[in-house]
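Peer 1: Quick check, what structure comes out for this input:
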Amino acid sequence: MSILKVDDIHVYYGAIHALKGVSLNVEQGEIVTLIGANGAGKSTLLKTLSGLLKPKEGSISYLDKTIAGKPAQTIVKAGISHVPEGRRVFSNMTVEENIELGAFLRKDSTGVKKDFDKVYGTFPRLLERRKQLAGTLSGGEQQMLAIGRAIMAKPKLLLLDEPSMGLAPLMVKTIFKVIEDINKDGTTILLVEQNAHMALSIANRGYVIETGKVTLAGTAAELQASEEVKLAYLGGH
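Peer 2: Numbering: from 1, shown residues only. Sure thing, here's the model as predicted:
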């Protein structure tokens with residue numbers, strides 16, 4: 001069953017035509033990855049899905065309801081969480097306060113408490129640092145915090161933008177293991193990632209985006225085997 005259907009969307013930044021008729025779908029329970037060079041339109045697509053940008057044309061449906069152009073808060077409420085590129089934690093608030101913010105639309109205090117424990121169970125490092133200001137954390141810890149905060153919203157669909165950016169190789173492994181675990185727990189994931197090797201190693205399917213268009217789509221194995229993808233995104237091997 002499709003959780004997300006994007007059909008022929010066009011998005012502009014002023015006069016710049018950033019997305020030129022992008023279509024894709026994400027099935028319930030999948031990890032789908034978007035691969036492409038910087039500036040290809042991947043982040044623009046996630047921002048459009050989470051309500052930060054409005055498409056000029058085309059449709060976006062989530063669980064068979066139209067969400068294109070709806071306010072971001074409505075989209076979060078419906079069950080879509082977005083972890084933007086660059087982490088964006090609230091640096092002058094504590095780790096705990098940041099995580100709490102993720103649950104601001106929820107009314108089920110018992111469930112919130114359970115998810116708090118889940119976030120700390122997933123990221124023991126955050127538990128150790130829960131009273132620390134988020135701005136004092138390392139890049140990897142801030143990424144954990146951004147993901148933890150998104151989990152608190154109890155999303156059905158999690159949009160992740162460049163989760164491994166700027167992280168040490170060991171931390172990248174940790175973050176990708178967590179992404180797999182979140183998915184096994186029942187959250188569908190749409191992942192934008194520069195590290196195509198890692199992304200395709202955990203994804204079910206992927207789309208290649210070049211200059212605002214989808215140029216290739218297939219299973220992760222098909223994309224890994226594609227000469228085009230190997231040359232452009234997998235370092236030719």
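Peer 1: correct me, but residue 71 touches residue 54?
Peer 2: No. Counting by C-beta atoms under 8 Å, residue 71 sits too far from residue 54 to count as a contact (10.1 Å). Placement of C-beta: from N, CA and C, glycine included.
Peer 1: So which residue is dead centre in the protein?
Peer 2: The centroid of the chain falls nearest to residue 160 when counting by C-alpha atoms, centre = their mean (1.4 Å).
Peer 1: what phi and what psi does the backbone show at that one?
Peer 2: When quoted as degrees, to the nearest 10, the phi and psi of residue 160 stand at phi -120, psi 120.
Peer 1: ok, now residue 30?
Peer 2: For residue 30, the backbone dihedrals are phi -90, psi 160 (criterion: degrees, to the nearest 10).
Peer 1: which other residues reach the longest helix anywhere in the chain?
Peer 2: Taking DSSP state H as the criterion, the chain has its longest helix at helix 169-184. Counting contacts by C-beta atoms under 8 Å, 6 or more residues apart in numbering, the residues outside helix 169-184 that touch it are 29, 31, 122-123, 139-140, 143-144, 147, 151, 158, 160, 163-164, 167, 189, 191, 195, 198, 201-202.
Peer 1: could you dump it to PDB, C-alpha only?
Peer 2: Below are the C-alpha coordinates for helix 169-184, written out as PDB (Å, rounded to 0.1, in the frame of the first residue of the first chain):
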ATOM      1  CA  PRO A 169      32.800   6.900   9.400                       C
ATOM      2  CA  LEU A 170      32.100   5.100  12.700                       C
ATOM      3  CA  MET A 171      29.300   7.500  13.500                       C
ATOM      4  CA  VAL A 172      27.900   7.100  10.000                       C
ATOM      5  CA  LYS A 173      27.600   3.300  10.700                       C
ATOM      6  CA  THR A 174      25.800   4.000  14.000                       C
ATOM      7  CA  ILE A 175      23.300   6.400  12.400                       C
ATOM      8  CA  PHE A 176      22.500   4.000   9.500                       C
ATOM      9  CA  LYS A 177      22.000   1.100  11.900                       C
ATOM     10  CA  VAL A 178      19.500   3.300  13.800                       C
ATOM     11  CA  ILE A 179      17.700   4.200  10.600                       C
ATOM     12  CA  GLU A 180      17.300   0.400   9.900                       C
ATOM     13  CA  ASP A 181      16.000  -0.100  13.500                       C
ATOM     14  CA  ILE A 182      13.500   2.700  13.200                       C
ATOM     15  CA  ASN A 183      12.300   1.200   9.900                       C
ATOM     16  CA  LYS A 184      12.000  -2.300  11.500                       C
END
